[in-house]
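Colleague: my questions are about this predicted structure, shown below with the sequence.
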Amino acid sequence: MEMERDILNHAEIEREKFLSQHKTAPEKVIAQKRYEAAEKIVELTVKREKEIYRTLTDRIDQVVCHRFLGPIILLGVIYLFYELSIVQGYKITAYTWPILAAFRDFIASILPSPGFVFDPLLRTITLGVVDGIVAVLNYIPIFIILFALIAIMEDSGYMARVAFLLDRVFRYYGLHGQSALPMILSGVFVGGCAIPGVMACRTIKDERAKLATILICPLMNCLAKIPLYILLVGMFFSAYKGFIMFFISTITIIIALAVAKILSLTLLRKTETAPFVLEMPVYHLPTVQGVLRRCLERTWLFVKKIITIVVVVVLIVYLLMTFPGIGKDRRVYYENQTNHQAQVFFDKIGKDNPYAKLLGGSKLTEFAIYRDDYKKAKMGAKSKEAKRVVDEKFRERDSEFFKIVKRGKYKIDGKMVKDSYALKVNKEYKKLNRERNRIKRDIKEETIIGSVMGRIGRSLEPATKYAGFNWRINIGLISAFAAKENSVATLGSIYQSPPGEEKKALGDRMKEKEKDWTPLHALAIILFMTMYPPCIPTLLMVRLESGSTKWALFATFYPIVLGSMIAVLVFTGGNLLGLSGMQAMIAFYVLALIVTVALGLIKNNEMSEEYT
Amino acid sequence: MKEIIVAVAGQPNSGKSTIFNMLTGARQHVANYPGVTVEKRTGRYSYKGDAVTLVDLPGTYSLTSYSPEERIARDFLLHEKPAVVLDIVDAANLERNLYLTFQLDEMGIPLVVALNMMDVAEGRGLKIDTYKLSELLRTVVVPTVGKKGRGGGELKEAILNTYQGGRFQTGYGEAYKGCSACPGMSREKGSFRVDYGEELEPILSSLENRLSEAPKISARYPARWLAVKLMENDSEARRLVQKAEES
Amino acid sequence: MTLNDVKPGQACCIARVNLGGATGQRLMDMGFTPGAKVKVVRNAPLVDPVDLTLRGYHVSIRHQEAGGVEVEEL
């Protein structure tokens, strides 16, 4: 024991002695000597046979790092990334979606059948979960392309040039030149996705910049937020559509930079930073093998992890949106309504209609399912031949039902027949079906409103009203947690059409119901949405890349706080100052710009290294 | 059938992954180093009846304790005791790459150097005398072009040979005795060493001696390496000495 | 004179690295040692960082770090 401590002291003393004697720290001499040895070895073993003044890499860099051309090329590369991954990727999903849809249909077919208005619980829960998983899996083609593009960028050597070009700007905000790619992927100016964005943070060596980037990626313009934007913009800002979309796309970058800066000044202050000494490697062509291997590896890793987590979370969210359900007496109420409508139907088609007996009892539900299936199949059949095949299948399935759905026009022994009874049944059933759908929608609305999630939404209203959110909006926003696209669907369920006006668009329905809404209401919702917490798959990536659940939790909660503050500021502030929607938007934008620019001027504490 | 563990080290952009993939093919497994988000890739191959496990260390320019990647690489080399270290060196960037090679060498584990990207070096008009390099470094140097799959067989042979403690052979059939024209290299103990200069070497020697006399330390860590690190003011090295004391 | 005083296209020789800690070590690890020849290639479009060549490869560092590298004319 003594020996070790002595040794440490000895070393310490020698270091001090050396330093005072030679005016240089020993580590500097050590590094220098190593390089001297290396130089000598190189001198003895390496012969330069020809003088190469400018390599290909140098020539490429002259363009790519050029003062004006460099940034332009960078923009071009960014655009290409989008075009290939998001746009083309989406086109590919058009081919992969049918596979997923077929899987979903298969599951639907082996579950207990739907009822007339009520479906069995097992069916609704399972399908809810399957729908959630399928929605995420649909992104896979996009991910594959993105991962491949990232691998190409890294392997080719261009990534270092991106860091070189952008470092100056990012550094002011505690970020790194390499933060550019993750932010771009997460959505700059147009809809991106934070899942590959956070994944791309892997290459950032500087711990602090890496964490900051991971935490701000979800603030960018995620694809899934767009449906809600479109809905709200259409309601109140349709005249200024272009303007407001520009506002939304750019405000996120501004706020993200500000948040990054605040994080690096506060929470991340103690996190390790790395000195910026960046090698710019020689350009080389990435190998197909290498790229494919990396991109498939990452995709597979992602899918594996995602399935388990998504199943659990979607299940939980689904349960929260469904339980406790509508209660026995309400159920009876709806059943009575249904029976009443069915009675009306039978009265209308007449007792002597041969089909009346056919559709008695549970057969009516069977017919309802048959007809739904038929309509769906017909929609999916694009060609004349395909339509004929559909007809054949359904005729085989149930020849009597078939007569009804064909409106009484069918062939017997090769001859066309006009069955007026079947036609009447068809017409009256159409009305019944409308009522049936209305009842189903009412049930859904009541279920959601009475669910755990609904109750949370309602209980939050006293607080959220300062942001202009009523309890319906609360429910819509909470439902977005599992997947942001959900918000529009949920709002669709809780803002029903008045009876008779089924075709009314959601935006109009909402405006009717919320007569005293102003553009400020919409603006507050939009801004809250921009700051919305990351979706489950993204949170998973945050957990993976940051290595701690603590950060994943933080990434969930701070956007809620931030978003709420902004929404309240804009709504209540806008109201107090009597601003219109557009004025509030501009005011907030200017405010955010000023704050962010000011933050950029605060010095980071990274260069506190001692000058020796 | 023995299982041989080989650590694969090298600077970034030296083509380490290409060599790794070339040697292991599809038999790879990716996880994280415990407690951190740094990827740990392992792979295997069989050669002449032996199973070789390759562990891909994070690419680092040096082996200080200032970055998580370097700490992980060092930690693995010190505590997991691989039998051989395969150092991937960029032939077109030899000077800078040797800086790491020297440090790997100081850690005392038998070293094999893959001189990679020979095609790029050639394209730049550089001609490298690999025999001479091998002599000077006193390790096997295998020229490779990972991208084109060249040199894999020779690497596997070199690794096996080194593992078996094969005497280092020069082209002249006997161990290198020393070269008076090379002041940076010393002939101490029949292995290669960097000469840290007449001001530092005496200090290093005395530290080295004291370290080898401390049984708990000398059993675990190479004395010379530790002496150099302590003079470099390496915080992790100090911690290692303290921990050895406490055990 | 420091690296910051060297114009793009010019080369110089390192005299001393005046930075300590992780930054100084990193610079030295990458080859910035006394006696090494460094050439300034270009500045980034926004001035920072600066692209250099030394020991046969390209490296870029920030001007703040470059200010800590004392150099001499060749």
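Modeller: Nice, thanks for sending it over. Residues are numbered from 1 along each chain as shown, chains lettered A, B, ... in the order given.

Colleague: for chain B, what are the low-confidence residue spans?
Modeller: Flagging of chain B using pLDDT under 70 yields the residue ranges B:1, B:166-191, B:247.

Colleague: host element of residue B:31?
Modeller: Using DSSP states H and E, residue B:31 falls within strand B:28-32.

Colleague: and the closest residue to chain B within the stretch 201-350 of chain A, its phi and psi?
Modeller: The nearest approach of the stretch 201-350 of chain A to chain B comes at residue A:281, 4.1 Å away (CB to the nearest CB). Backbone N, C-alpha and C define where each C-beta goes, glycine included. For residue A:281, the backbone dihedrals (degrees, to the nearest 10) come out as phi -70, psi 160.

Colleague: what does residue C:61 give?
Modeller: Main-chain dihedrals, residue C:61, degrees, to the nearest 10: phi -130, psi 160.

Colleague: please see if stretch B:109-128 touches chain C.
Modeller: No: using CB under 8 Å from any CB of the partner chain, stretch B:109-128 stays clear of chain C, with a minimum separation of 8.6 Å.

Colleague: returning to what we had before: can you get me a residue count around the residue of the stretch 201-350 of chain A closest to chain B?
Modeller: 21 (other CB atoms under 10 Å in any protein chain shown).

Colleague: not counting the strand or helix carrying residue B:44 itself, show me its contacts.
Modeller: Per DSSP H and E, residue B:44 falls inside strand B:39-47. Contacting residues not belonging to strand B:39-47 are listed as A:202, B:20, B:23-25, B:27-33, B:51-56, B:58, B:156-157, B:159-160 [CB atoms under 8 Å, 6 or more residues apart in numbering or on different chains].

Colleague: what about the residue lying closest to residue A:327 once chain neighbours are set aside, neighbour count?
Modeller: Closest residue to residue A:327 apart from its sequence neighbours, by CB to CB, 6 or more residues apart in numbering or on different chains: residue A:450 at 7.7 Å. Residues near residue A:450, counting by other CB under 10 Å, number 18.

Colleague: enumerate every residue touching residue A:450.
Modeller: A:324-327.

Colleague: got the phi and psi for the residue of the stretch 351-500 of chain A found nearest chain C?
Modeller: Nearest residue of the stretch 351-500 of chain A to chain C: residue A:484, at 34.9 Å (CB to the nearest CB). Phi and psi for residue A:484, reported as degrees, to the nearest 10, are phi -60, psi -30.

Colleague: if I look at it, how far off is chain B?
Modeller: According to CB to the nearest CB, to the nearest Å, residue A:484 and chain B sit 26 Å apart.

Colleague: hang on, that residue packs against residue A:530?
Modeller: No: counting by CB atoms under 8 Å, residue A:484 stays clear of residue A:530, with 11.0 Å between them.

Colleague: mutual contacts of these two, please.
Modeller: In contact with both residue A:484 and residue A:530: residue A:225, using CB under 8 Å, 6+ apart.

Colleague: for the helix or strand where residue A:478 lies, what is the distance to the chain centroid?
Modeller: Secondary structure from DSSP H and E places residue A:478 in helix A:471-479. Chain-centre distance of helix A:471-479: 17 Å, with CA atoms, centre = their mean, to the nearest Å.

Colleague: quick one: buried residues of that helix?
Modeller: In terms of neighbour count (16 or more other CB atoms under 10 Å in any protein chain shown), helix A:471-479 has its buried residues at A:471-479.

Colleague: got CSV for these, with pLDDT and distance to chain B too?
Modeller: Shown next, in CSV, are the buried residues of helix A:471-479 (pLDDT from 0 to 100; distance: CB to the nearest CB, whole Å):
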residue, pLDDT, distance to chain B
A:471, 86, 41
A:472, 86, 41
A:473, 87, 38
A:474, 88, 36
A:475, 85, 37
A:476, 85, 35
A:477, 87, 32
A:478, 84, 31
A:479, 81, 32
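
Colleague: those: which two are farthest apart?
Modeller: Farthest pair in these (CB to CB) is A:471 and A:479. Separation: 12.6 Å.

Colleague: quick check: the residue in chain B positioned nearest to chain C vs residue A:467, distance?
Modeller: Using CB to the nearest CB, the closest approach of chain B to chain C is made by residue B:62 at 3.9 Å. Between residue B:62 and residue A:467 the computed distance is 52 Å (CB to CB, to the nearest Å).

Colleague: the helix ranked longest in chain C packs against which elements?
Modeller: As assigned by DSSP state H, the longest helix anywhere in chain C is helix C:21-29. Counting contacts by 3 or more CB pairs under 8 Å, 6 or more residues apart in numbering or on different chains; DSSP states H and E, helix C:21-29 packs against helix A:26-45, strand A:277-280, strand C:11-17.

Colleague: rewinding a little: show me what counts as buried in the strand holding residue B:31.
Modeller: Here strand B:28-32 shows residue B:28 as buried, counting by 16+ other CB under 10 Å.

Colleague: chain center to it: distance?
Modeller: Counting by CA atoms, centre = their mean, strand B:28-32 comes out at 22 Å from the chain centroid.

Colleague: and that strand, which strands flank it?
Modeller: strand B:39-47 (antiparallel) (DSSP bridges).

Colleague: now the element after the partner strand, going C-ward?
Modeller: strand B:50-56.

Colleague: how about that following strand and chain A, touching?
Modeller: No: residues of strand B:50-56 are not located near chain A by CB under 8 Å from any CB, the shortest gap being 13.2 Å.

Colleague: what residues does that strand touch?
Modeller: B:1-8, B:16-17, B:20, B:23-24, B:40-46, B:76, B:80, B:82, B:86, B:156, B:159-160.

Colleague: try 7 Å
Modeller: Contacts with strand B:50-56, where a contact means CB atoms under 7 Å, 6 or more residues apart in numbering or on different chains, come from B:1-8, B:20, B:23-24, B:41-45, B:76, B:82, B:159-160.

Colleague: ditto for stretch A:132-143
Modeller: Counting by CB under 7 Å, 6+ apart, A:85-86, A:89-90, A:92-93, A:96-97, A:100, A:103-104, A:196, A:299, A:302, A:306-307, A:310-311, A:314, A:482-483, A:537 sit against stretch A:132-143.

Colleague: now stretch A:278-293
Modeller: Here stretch A:278-293 makes contact (CB under 7 Å, 6+ apart) with A:56-57, A:60, A:148, A:151-152, A:155-157, A:160-161, A:163-164, B:12-13, B:17-18, B:21, B:120, B:147, C:51, C:57-60.

Colleague: distance from it to the middle of the chain?
Modeller: Centroid separation between stretch A:278-293 and its chain, computed with CA atoms, centre = their mean, is 30 Å.

Colleague: can you show me the CA trace of that stretch as PDB?
Modeller: The C-alpha coordinates for stretch A:278-293 follow below in PDB (Å, rounded to 0.1, in the frame of the first residue of the first chain):
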ATOM      1  CA  LEU A 278     -11.800  17.000 -37.000                       C
ATOM      2  CA  GLU A 279     -10.100  14.900 -39.500                       C
ATOM      3  CA  MET A 280     -11.300  15.400 -43.100                       C
ATOM      4  CA  PRO A 281     -10.700  12.000 -44.600                       C
ATOM      5  CA  VAL A 282     -10.000  11.300 -48.200                       C
ATOM      6  CA  TYR A 283     -13.100  10.800 -50.200                       C
ATOM      7  CA  HIS A 284     -13.900   7.300 -51.200                       C
ATOM      8  CA  LEU A 285     -16.700   5.300 -52.700                       C
ATOM      9  CA  PRO A 286     -18.700   3.500 -50.100                       C
ATOM     10  CA  THR A 287     -19.000  -0.200 -50.800                       C
ATOM     11  CA  VAL A 288     -22.400  -1.600 -51.500                       C
ATOM     12  CA  GLN A 289     -21.900  -4.400 -49.000                       C
ATOM     13  CA  GLY A 290     -20.800  -2.100 -46.200                       C
ATOM     14  CA  VAL A 291     -23.700   0.200 -46.700                       C
ATOM     15  CA  LEU A 292     -26.300  -2.500 -47.000                       C
ATOM     16  CA  ARG A 293     -24.900  -4.300 -44.000                       C
END
